[in-house]
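Peer 1: for reference, the sequence and a predicted model appear below.
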Amino acid sequence: MKIAIGADHAGYTLKEKIKKFLSQNKIEYQDFGCYSAESTDYPDWAIKIAEAVAKKEFDRGILICGTGIGMCIAANKVPGIRAASCYEVFTARLSREHNDSNILALGARITGEDLTKKIVEEWLKAKFKGNRHKIRVDKIREIEEKYFKREKTGLKD
Ligand code: RB5
């Protein structure tokens, strides 16, 4: 599995710890920034990771900011992205099983290192359950089709 990871200044330190965790677990990733704790704007990072995942250059993405919320809102503007902001393991798992989330948004000012690692671990291993959940996720896609001009994005599916 190939992961695209990114953070703003508030998520920078936690991103470095998650990178270490991914390396220890032999999970391939690419770090899209930021590269220091200097103040930056979270949408600038969210769009990089969201586009890379939407273009299927990466299997999934992880975004970290102070709360995870700004990253989540911004990433979900990109067609094909289903970003979920998770603060504990249960929602992280269900976001995969029910919603087929392809981006995990984390809040560095909310969850500590140990819990974050558990959230990431659970989210990475959980699988989309399809069936009735697919019908619902397809309906999300229909909403996207209604409001986004997909042809202008260059995304194919
Ligand atoms: C930055 O101060 C903070 O607003 C940002 O990291 C994030 O929490 C936004 O949702």
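Peer 2: On my side now, so go ahead. Residues are numbered from 1 along each chain as shown.
Peer 1: all contacts plus neighbour counts: C-alpha atoms, from now on.
Peer 2: Fine.
Peer 1: so Leu29: helix, strand or coil?
Peer 2: Just to correct that, residue 29 is Tyr rather than Leu. Assigned with DSSP: H, G, I helix; E, B strand; the rest coil, Tyr29 falls in the strand class.
Peer 1: and the gap between the closest residue in space to it that isn't next to it in sequence and the ligand?
Peer 2: Once flanking residues are discounted, Tyr29 sits nearest to Ile3: 4.4 Å by CA to CA, 6 or more residues apart in numbering. Note on Ile3: its distance to the ligand, by CA to the nearest ligand atom, to the nearest Å, is 21 Å.
Peer 1: tell me if Ile3 really is in a helix.
Peer 2: No - assigned with three-state DSSP, Ile3 falls outside any helix and is strand.
Peer 1: and this protein, which residues reach the ligand?
Peer 2: For the chain, the residues in contact with the ligand (CA under 6 Å from any ligand atom) are Ala10, Cys65, Gly66, Thr67, Gly68, Ile69, Gly70.
Peer 1: will you turn these into TSV that also has pLDDT, distance to Gly33 and neighbour count?
Peer 2: TSV is the format used below for those (pLDDT from 0 to 100; distance: CA to CA, whole Å; neighbours: other CA atoms under 10 Å):
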residue	pLDDT	distance to Gly33	neighbour count
Ala10	98	12	24
Cys65	98	12	28
Gly66	98	15	21
Thr67	98	17	20
Gly68	98	15	27
Ile69	98	18	20
Gly70	98	16	19
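Peer 1: out of those residues, which sit inside strands?
Peer 2: Under the assignment DSSP state E, the residues of the chain next to the ligand contribute Cys65 to strands.
Peer 1: out of the residues of the chain next to the ligand, which is nearest to Asn102?
Peer 2: Distance to Asn102 across the residues of the chain next to the ligand (CA to CA) is lowest for Gly68, with 14.5 Å.
Peer 1: for the closest one, grab phi and psi.
Peer 2: In terms of degrees, to the nearest 10, the main-chain angles of Gly68 are phi 90, psi -20.
Peer 1: quick one: contacts for it?
Peer 2: Ser85, Cys86, Ala105, Leu106, Gly107, Ala108 (CA atoms under 8 Å, 6 or more residues apart in numbering).
Peer 1: which of the residues you listed lies closest to the ligand?
Peer 2: Of all those, Gly107 has the smallest distance to the ligand: 6.8 Å, by CA to the nearest ligand atom.
Peer 1: done for today, thanks.
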